[in-house]
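# I would like to see how this sequence folds:
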Amino acid sequence: MPSNQQILLDNRPEGEASVSNFKLVTTQTPALQDGQVLVRHHYLSLDPYMRGRMNDSKSYAQPQPLGEVMIGGTVGEVVESRHPKFAVGDKVVGMGGWQEYSVVDANQPGAVRKVDTTHVPLSHYLGAVGMPGVTAWYGLVKIIEPKAGETMVVSAAAGAVGSAFGALAKARGCRVVGIAGGKDKCDYVVKELGFDACVDYKEHKDAISLSKALKQACPNGIDGYFENVGGMVLDAVLLRMNAFGRIAVCGMIAGYDGQPLPLANPALILVSRLKVQGFIVSEHMEIWPEALKELGTLVGTGKLRPRESVAQGIAAAPEAFLGLLKGKNFGKQLVKLI
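Numbering: from 1, shown residues only. Predicted coordinates:
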């Protein structure tokens, strides 16, 4: 059996996360039992939710245990199988974690899923046609429930979730406005992803200034907002929400270091009769097939052209992850392992 490099969570961050929170180890992969498959990972996924799991605090999911392989999505290839439905060479997606190989119980529902790479590149199953894409789909379709002609806004618009949200909203006849950090990202959001406008939050020192920019980009107000960031950005958007607007809350990356994120004007939720709903996409597995079908079609037909930031080798994962939390990535952040 091959030796396997793994990254463990060694200690919990105090405030900002750092490389010293992680530890790289080498282990031997165990021999397979009946019903198991050995997957060699080609790519591992880095996602903002992982930062919350590093904390030992009350959240929607159990904290990442210390001394264990960091949680995370993976795509790869079956290199050994003791399960009748999986053959050597099958391309699969699963939650293999920050390691080069994983041993998976293929009888466990949802533990590993075969994917077709004919029209969709393997790496996209961790982004646009994977968990981030389905996240965008659920927030838009099930919570915001857009109507043609409405204005949709998404924060972190150049990222994996934001880019999918834009394509899905455009497909429903909406005006779509992104919020992103830096001119390059805003140019990408408009010119490559086809958003109608994008506001650079880095040009604004406070919520009032950002809100004025949003007013220009959204002359008819905002009907639906997909929240990835929180903080000043949410304060700015709330000032522009139309009556009976809907907000899908997916992430609050501005607060991942443990600082509270006070809301400047919560009365606007009442004044504008807003629906504000948080969600966790893994709690809605029943919608995944429908969402993945639409997302796969958007990628396959070129209507969604997702970008990827790719770090090389397992040892690069911690630095790439910390960069993601600071917005250094461009599109979906991956680590290439082969």
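# alpha carbons only for contacts and neighbour counts from here, please
OK.
# alpha carbons of the helix or strand of the chain with the lowest mean pLDDT, in CSV - could you do that?
For the chain, the helix or strand with the lowest mean confidence is helix 49-54, at a mean of 92 (criterion: mean pLDDT, DSSP states H and E). Written as CSV, here are the backbone C-alpha positions of helix 49-54 (Å, rounded to 0.1, in the frame of the first residue of the first chain):
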residue,chain,number,x,y,z
TYR,A,49,-16.1,27.0,6.1
MET,A,50,-13.0,25.1,7.2
ARG,A,51,-11.9,28.1,9.2
GLY,A,52,-15.0,27.8,11.4
ARG,A,53,-14.3,24.1,11.9
MET,A,54,-10.9,24.9,13.3
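# tell me how far it is from the chain's mean position?
On the basis of Cα atoms, centre = their mean, to the nearest Å, helix 49-54 is displaced by 12 Å from the centre of the chain it belongs to.
# ok, residues contacting the helix or strand just after that helix?
Scanning forward in sequence from helix 49-54, with DSSP states H and E defining helices and strands, the next element found is strand 74-81. Under the contact criterion Cα atoms under 8 Å, 6 or more residues apart in numbering, strand 74-81 has outside partners 32, 35-45, 86-97, 122-123, 125-126.
# just the buried members of these?
A residue is treated as buried here by neighbour count (16 or more other Cα atoms under 10 Å); on that basis the buried members of the contacts of strand 74-81 are 32, 35-45, 86, 90-97, 122-123, 125-126.
# what residues are up against the closest residue to residue 272 other than its chain neighbours?
Leaving aside its sequence neighbours, residue 272 sits nearest to residue 243 (Cα to Cα, 6 or more residues apart in numbering; 4.4 Å). Residue 243 sits next to 223, 271, 272, 273, 274 when contact means Cα under 8 Å, 6+ apart.
# and the residues you listed as a markdown table, adding distance to residue 251?
Output for those, formatted as a markdown table (distance: Cα to Cα, whole Å):
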| residue | distance to residue 251 |
| --- | --- |
| 223 | 19 |
| 271 | 24 |
| 272 | 22 |
| 273 | 22 |
| 274 | 18 |
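# most surrounded residue in the residues you listed?
Each of the contacts of residue 243 was scored by neighbour count (other Cα atoms under 10 Å); the top score is that of residue 223, with 26 neighbours.
# how about the contacts made by it?
Under the criterion of Cα under 8 Å, 6+ apart, the contact list for residue 223 reads 150, 151, 152, 241, 242, 243, 244, 245, 246.
# filter the contacts of strand 74-81 down to the ones in strands?
Members of these lying in strands (criterion: DSSP state E): 36-45, 91-94.
# residue ranges with poor pLDDT in the stretch 1-150 of the chain?
With pLDDT under 70 as the threshold, the stretch 1-150 of the chain has no low-confidence stretch at all.
# show residues contacting the host helix or strand of residue 295.
Element membership for residue 295 (DSSP H and E) is helix 288-300. With contacts defined as Cα under 8 Å, 6+ apart, helix 288-300 is touched by 119-120, 128-130, 133-134, 137-138, 164, 167-168, 304-306.
# show me how far that helix is from its chain's centre.
If you compare the mean C-alpha spot of helix 288-300 with that of the full chain, they lie 16 Å apart, counting by Cα atoms, centre = their mean.
# likewise for stretch 225-239?
Offset of stretch 225-239 from its chain centre (Cα atoms, centre = their mean): 17 Å.
# for stretch 172-183, same thing?
Distance of stretch 172-183 from its chain centroid, counting by Cα atoms, centre = their mean, is 17 Å.
# between the two ends of it, how far is it?
Stretch 172-183 stretches 27 Å from its first residue to its last (Cα to Cα, to the nearest Å).
# report the buried residues of it.
Across stretch 172-183, burial judged by 16+ other Cα under 10 Å covers 174, 175, 176, 177, 178, 179, 180, 181.
# how does this protein divide into domains?
The chain resolves into domains spanning 3-127+306-336, 131-282 when parsed by automatic domain parsing.
# helix/strand/coil for the spatially most central residue of the chain?
The centroid of the chain falls nearest to residue 132 when counting by Cα atoms, centre = their mean (4.0 Å). Per DSSP: H, G, I helix; E, B strand; the rest coil, the local secondary structure of residue 132 is helix.
# with adjacent residues omitted, what lies nearest to it?
residue 161 is the one closest to residue 132 (Cα to Cα, 6+ apart), at 4.8 Å.
# name the SS class of that neighbour, please.
Using three-state DSSP as the criterion, the local structure at residue 161 reads helix.
# contacting residues around it?
Residues counted as contacts of residue 161 (Cα under 8 Å, 6+ apart) are 127, 128, 132, 133, 135, 136.
# give me the pLDDT for it.
What the model reports for residue 161 is a pLDDT of 96.
# so which of the contacts of residue 161 comes closest to residue 314?
Within the contacts of residue 161, distances to residue 314 taken as Cα to Cα reach their minimum at residue 127, with 18.6 Å.
# show the end-to-end separation of stretch 328-335, please.
Stretch 328-335 has an end-to-end distance of 14 Å (Cα to Cα).
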